[in-house]
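# kindly return the folded structure for what I paste below:
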Amino acid sequence: MTVTTAPAPRNQTPGKPGTPGTPGKKPGKSRTPGEGRMAAMLLSPTLLVLALVIVYPLISAIHQSLFRAESGLDADGFVTEGEAFVGLANYADLFVGESGRRFLNAFGNTTFFTVSTVLLETVLGLCLALAMNRAFRGRSFLRASILVPWAVPTAVSGLLWRWIFQSDGIANTLLGSEILWTAEGTASKLAVIIAEVWKTAPFIGLLVLAGMQIIPEEVYEAAKIDGAGWWRQLGSITLPLVKPTLLVAVLFRMLDALRMFDLPFVLIGPGKESVETLSMLAWDESNQLRYGSASAFAVVLFLYVAVVAIVFVKVLGTDVTGANRLRPVKNRQMRKATRSQKAEATR
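Model prediction:
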């Protein structure tokens, strides 16, 4: 009696784990034990820098917000100064008295500037992207000129617009009026919004333009054959396909606007109630050597920014890291590897 054994499938070594058709390793995963250690070694410098510039200052601010500078007299009648632990008293003071009034005013200004500027920048940036995406003579010059406001430093931009909004400046000359743009009131808010939108709208425009550049031209050609006009193409093709890029751009701009400090500080000046933001309030408190309350303002601002970021990422589905775009590609590779293994096993 002769016993014959079936030949092993091609590209398979019997008994060797990790080869196609054999148990021991999941399809599509080829990471070796040393790759994890190598990845940790390569990421350790970045994590160390992040710990030094983000984690340590945050922990230090939280610790400082639990103390308050106090002065008094010792047993010999000499004046003593130091810091006393007050717990959450600095946070409680954010909602009462003069400190609470300034905090609520700064919180409202910060929210108002963020919503108004980001909304206008999104609309204007989308219009700029649509204009730059069209083929016409001088398109390169338009793209280069749009970069100029974004390239100008914020402090220089503030000085430029302060000169424009002077009582005898260009703005009042064109309007034929004498509006006090850099004083208290609604005019100062409008001046900050105009200057901020002028500077940062190109940022959203350039990011949206990058998203438009990867849309295949065949999609628009097929839509034209089906009789879709420009508005139909915009609503059914352009906006849905650039939505991930647009959401990331809006997220970055909102996080930046929530921390607004230098533009209203240079354009309008410190101590102006109508344009005082949370960052300006924290700076003013620290300038008065009230580091405990200043740290409390900074921690609250950090929590505000963190909540906005979480809402955008979790609720609106903003793909900041690009993982959502890479996941379908990875799933297709996994399915392809599984099908090839099954085909090899049946031979």
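# quick check: Leu94 touching Ala298?
No: using C-beta atoms under 8 Å, Leu94 is not in contact with Ala298; the gap is 11.8 Å. C-beta here means a position set from N, CA and C on the backbone, and glycine is covered the same way.
# between the two, tell me which one has more neighbours.
Neighbour comparison, Leu94 and Ala298: the larger count goes to Ala298, with 23 against 17 (by other C-beta atoms under 10 Å).
# does that one count as helix, strand or coil?
For Ala298, the assignment made with DSSP: H, G, I helix; E, B strand; the rest coil gives helix.
# tell me the pLDDT of it.
Per-residue pLDDT puts Ala298 at 92.
# spatially nearest residue to it (excluding sequence neighbours)?
Ala282 (4.8 Å; C-beta to C-beta, 6 or more residues apart in numbering).
# now swap in Ile170 and tell me
Distances taken as C-beta to C-beta, 6+ apart place Ile164 nearest to Ile170, at 5.0 Å, with adjacent residues excluded.
# what's the neighbour count on the one you found?
Residues lying near Ile164 (other C-beta under 10 Å) number 18.
# so who does the residue nearest the centre of the chain touch?
When C-alpha atoms, centre = their mean is applied to the chain, the residue found nearest the centroid is Phe252 (2.3 Å). Phe252 makes contacts with Phe203, as judged by C-beta atoms under 8 Å, 6 or more residues apart in numbering.
# Ala257 too?
Here Ala257 is in contact with Phe113, Thr114, Thr117, Val118, Glu196 (C-beta under 8 Å, 6+ apart).
# secondary structure element for the last one?
Yep, that's Glu196 we're talking about. Following DSSP states H and E, one finds Glu196 within helix 186-213.
# by mean pLDDT, flag the weakest helix or strand of the protein.
Every helix and strand of the chain was ranked by mean pLDDT, DSSP states H and E. The lowest is helix 323-345, at a mean of 60.
# pLDDT below threshold where in the stretch 51-200 of the chain?
70-82, 135 (pLDDT under 70).
# does Ala84 sit in a helix, a strand or a coil?
Recorded secondary structure, Ala84: strand (three-state DSSP).
# should've said Arg68
strand.
# which residues does it contact?
Arg68 is in contact with Glu83, Ala84, Val86, Ala89, Asn90, Arg290, Gly292, Ser293, counting by C-beta under 8 Å, 6+ apart.
# now render the residues you listed as a markdown table, adding distance to Ser140.
Below are the contacts of Arg68 laid out as a markdown table (distance: C-beta to C-beta, whole Å):
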| residue | distance to Ser140 |
| --- | --- |
| Glu83 | 59 |
| Ala84 | 63 |
| Val86 | 60 |
| Ala89 | 59 |
| Asn90 | 54 |
| Arg290 | 52 |
| Gly292 | 54 |
| Ser293 | 51 |
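# thought Val299 was touching the residue nearest to Ala298, still the case?
No: look at Ala282 against Val299 with C-beta under 8 Å: they stay out of range, at 9.4 Å.
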